Each structure stands twice: as C-alpha cells, then as structure tokens.
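Asker: Compute the structure for the input listed below.
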Amino acid sequence: MNVLMASSEALPFSKTGGLADVVYALSKYIAKNCKGDTMSVVSPFYGSINKDKYKFKLLYSFDVKMNWRKIHTDIMHITYEGIDYYLVKNDNYFARNGGLYGYYDDGERYAYFSLAVIELIKLLPYKIDVVHCHDWQSGMIPCLIKERYHNDTIVGKVKSILTIHNPLFKGYFGVNSLYDFYGLSDNLFYSGKIRLDGQVSTLKAGIWYADKITTVSPTHAYELKTPDGSKGLWYDLILRQNDFVGIINGMDYKEFNPLTDKMIYFNYGKKNFAEGKRKNKEAFCKEFELEQGKPLFSVVSRLSDQKGLELINAMADFVVSNGANFALVGSGEKYAEDYYNALHMKYLHNVRVYIGYNNEMAHKCYAASDFFIMPSAFEPCGLGQMIAQRYGTLPIVRRTGGLKDSVKPYNYGINNFKDADGFGFDNFSVNDALKASAQALMVYNSRPKEFEKMRLNALKADHSWTKPSQEYLKLYQELNERK
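Answerer: Alright, predicted model coming up:
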C-alpha cells in the first residue's frame, strides 16, 4: 500500500507549527515500522530550505495548467529517514523572503500546489493508493479527484483522507477562483458543497469530498460537531460523522528525551528523576537569577488569545505572589509581551521572561520546571503538555481538545494521585484557573510523596506515535480495500 502525504509544510524542510511535526513523525514511524507500506510526502520547495545541507535531485519537470496560466514545475526528490520527499518547486510561488503563509495570493499558490500534486501522482512509478491531505492548503485535492479527474485511470482511483489540524483557517476565496484556479464549475459553490460563510472554502471542500476525515484528538472531534466548538464546521461534520474520527497526535521521543537531551543541564530518567529534576531546577535558577528553593511554573507558547492569555496572566501573578518562580518563553500579542516584561520588573528574582523563541531555553524550561501552564481557550491536540510530561513536569491545563485526552488531572476529593499526571479544570474562567494553580501549590508544599508519584506518572505517560500510527494504518487499509 502506497500513501502520499500532501502538506504545506513538513519537517525537516519547513515548519511554522505542529503540522510539520505531525506529517514528519507519522510518516517516519510508518516507514520504519510497517513493512510493505510506502510513505511519501509532497510539499512546496520553499526558498528557506537549506540547499547545502540537503542534496536534492531533480526528478520531474512539467507544466501545471491553471486556466490561462502555464506554470513550469520542477519536482525535487530526496529520501530522508526512510521517507520519499517530493518537493514542488516554482520560485515565483514559493521562493519568497517572508514566512510560508500570509501572502495576498495564498489561494493561487496552494491551488497550484494541489494541481501539481495531481500531476505528480500521474508520474510516479508506483500507484498511489491513498493521498492524505492536511488542512485547507491541500483541501481541494479530494474535490479535484472526484469532480475533475474521476475518469482518469490513475488519479480517479486514489482514495483520500483530510486531517483538520486548525479549524480556524478555512481557505476562504471568491467563487471565481473555482474556475480560475481549479477549472471547476461554480455549480459546486451554488449547490453548497464547498460554500461556507458566502465564500469558497477549501477546508469545507475537503470535508465534503474526502473519503475519510480525521482531526488530532478524540475530544476535538466531538467539539467540532458542536455549534460552540466547531468554528462553523459542525453542520458539515455531522453530515460526515460516520467517516469522521479523532486520532490524538504523538510526539517525537527522539527530540524530547531527558535521558539524552544535550540542551538540558543534567540528563535523567525514571530511576533518578527526582535528583535530575532538582539539579536542573537549581542550574536553571542560577543561570537566570531566580530564587532557589521555590516551585517553578513555566510557559512555552505562542502568546495568542487561543492559548488562554487572560488565564495565563492571572495564573502567573497568582503563583509568584504565593511563593513560586515563573519562567516564560514565547512571543505574540504585544499586550501580553508587555504584561510579562512588567511582571519581571515587579518580581526581578522570581520571574524570567524571554520574548521570542529559544529552543535551548525551552528544553531547559521543560526539564527544570515543576509545573507547566497551558489553559488554552481551545486546543485541537497540543504538544507542550506532552513534552512537559515527558520531562516529569506536571501540566496545568484547561480540559479542552487534546489537553483533555492527554492529561489525567489530580482530584483532591478522591485523592487519585496514583493515576494523575497533571492538573485540570473545565471552564474558561480565571477563578477555576486559580483554583487549579492553588491545588498544584498545595500538593507541592504539603504532599511531597504524592507530588513525586504524579511526576513519575507523567514520565511514564505514553505519547509516542505507536498507537496513533496504528489507527492511521487501519484507516489507510480500510480505504485501500474499497472498490
């Protein structure tokens, strides 16, 4: 069985967020552990790719026809970690000095990418059985297969999966883009199949036409079928609910491993985690001039409203004013950056703030911290809480999406410390967030044995790709068996 991932970003060549991690890690796991299954990835060849480090081979050259345009296309190939990467190269669309997204012609850029994927499928020396599309950028591929290429002897037989990583971005474009970009009739818009909020939505197109739809956690799949949690997609997903499933993401155990991590101060594992955590916290506090002997709460995050800034602000001030240290690595909304800088000035030896992203400091934070704050307004899956647990740091989360699926919260009433591996609360409220923070401080200060047991539980939590990859394989095989 041959599976082709179609994604706008994929490690190690491009990344803005978790999408790149998922495409790479899932493909790598299946390629290494599942004999007889071929995993390949197609993604744009961005100008930011390190051409000296990675030696690509020009595999194919062809023209992509987009209405009156005739666009020259090169397919660059490299095999990396057992995965065949096919990168779509057109410098006009993808060799730009800014980031990967946010350009006025993003609709045209990823329409071109989708059409190039179709042409690549025709040329590959082996038959593609399943194309696995990710988010709005490749959401039109299932539609193209069934509407434009259904009679094609190669493309028409390909089954498709769409994975929704971030439902906020729906790929909105004008109705004229259907013919101008894709050569499709505007009847698809007027019939409602790909219309959302009065515009063409490539994400909705994927929902309507993909043979299977997934999202990145079971709880998020449930939320997406509710009016309040769906970001406008609930009706369409309810119509497809028999083909819709939530599969929680895994994480890269090779990159995040306290036993081998070269970025942290001291390596440790399950046998010496108490000593390892203590040494890492002492070294962290010394390097960043924080008071010794206090519990350490941390945040490693993009500073956006989605991440629950209102609650993070309140929790940070609360824990510091109640005898803890606080460290933050992140950037985003200016008001949030200003808030944390002011908090640092208020508590010079109890708060450390790094505005931006520093990978080494992030790793040190995970290893040194006692608690990791992540009270998201919504979180399809989340990675920070899993990384924290991997380092024996207890997450404090709002129980939404993947945060609910990956953290077993401590319950004071039933004293479930033997199973708990973090703290949680349900409502998006400052009061509930502070209660969870107070509970964490109470366990740290008054119940050291329970605290140590919970840290060990976190270290033992299984967030590898083993189970998720098996669930995806099952989907691929089910589709492959369909006529």
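Asker: Relative to M76, how far out is S61?
Answerer: Using CB to CB, to the nearest Å, one gets 10 Å for the distance from S61 to M76. In this view, the C-beta of every residue, glycine as well, is placed from N, C-alpha and C.
Asker: ugh, wrong one, H150
Answerer: In this structure, H150 and M76 are 29 Å apart, going by CB to CB.
Asker: thinking again about what came up before, which of S61 and M76 has more neighbours?
Answerer: Neighbours per residue, other CB atoms under 10 Å: of S61 and M76, the larger number sits with M76, 19 against 10.
Asker: Assign a three-state SS to the more buried one, would you?
Answerer: Under DSSP: H, G, I helix; E, B strand; the rest coil, M76 falls in the strand class.
Asker: Show me what it is bridged to.
Answerer: Beta-bridge partners recorded for M76 (DSSP bridges): L58, L87.
Asker: Make residue 1 into 31 and carry on from there
Answerer: Got it, first residue is 31 now, which makes that one M106.
Asker: residues contacting it?
Answerer: Residues near M106 by CB atoms under 8 Å, 6 or more residues apart in numbering: F75, F86, K87, L88, L89, Y116, L117, K119.
Asker: swap in G169?
Answerer: C163, L192, G201, S231, T232, L233, K234, A235, G236, I237.
Asker: Between these, which sits nearest S436?
Answerer: Using CB to CB, L192 comes nearest to S436 of the contacts of G169, at 22.7 Å.
Asker: would that closest one count as being in a strand?
Answerer: Yes - L192 forms part of a strand when assessed by three-state DSSP.
Asker: Count residues in the vicinity of it, would you?
Answerer: Using other CB under 10 Å, L192 has 30 neighbouring residues.
Asker: That one and G432: what is the separation?
Answerer: Taken as CB to CB, the span from L192 to G432 is 18 Å.
Asker: same thing with F124?
Answerer: 30 Å.
Asker: So which of the two has more stuff around it?
Answerer: Higher neighbour count among F124 and G432: G432, with 25 against 22, using other CB under 10 Å.
Asker: what about the more buried one, helix or strand, and which?
Answerer: Using DSSP states H and E, G432 maps to helix 431-436.
Asker: that older thread, want to try TSV for the contacts of M106, with distance to L358 as columns?
Answerer: Below are the contacts of M106 laid out as TSV (distance: CB to CB, whole Å):
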residue	distance to L358
F75	35
F86	38
K87	43
L88	45
L89	45
Y116	39
L117	35
K119	39
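Asker: between the residues you listed, which is closest to G412?
Answerer: Ranked by distance to G412 (CB to CB), the contacts of M106 are led by L117 at 28.5 Å.
Asker: isn't the closest one right next to V72, touching?
Answerer: Yes - taking contacts as CB atoms under 8 Å, L117 lies within contact range of V72: 7.5 Å.
Asker: Which parts of the lowest-mean-pLDDT helix or strand in the chain count as buried, going by neighbours?
Answerer: Least confident element among the helices and strands of the chain, by mean pLDDT, DSSP states H and E: helix 48-63 (a mean of 90). Buried residues in helix 48-63, counting neighbours by 16 or more other CB atoms under 10 Å, are found at 48-61.
Asker: what's the answer for stretch 439-454, then?
Answerer: Buried positions in stretch 439-454, judged by neighbour count with 16+ other CB under 10 Å: P439, Y440, F447, A450, D451, G452, F453, G454.
Asker: Check stretch 203-212 too.
Answerer: For stretch 203-212, by 16+ other CB under 10 Å, it's F203, V205, S207, L208, D210, F211, Y212.
Asker: returning to what we had before: does the helix holding G432 pack against any helices or strands, and if so which?
Answerer: In terms of contacts (3 or more CB pairs under 8 Å, 6 or more residues apart in numbering; DSSP states H and E), helix 431-436 is packed against helix 248-253, helix 414-420, strand 424-428.
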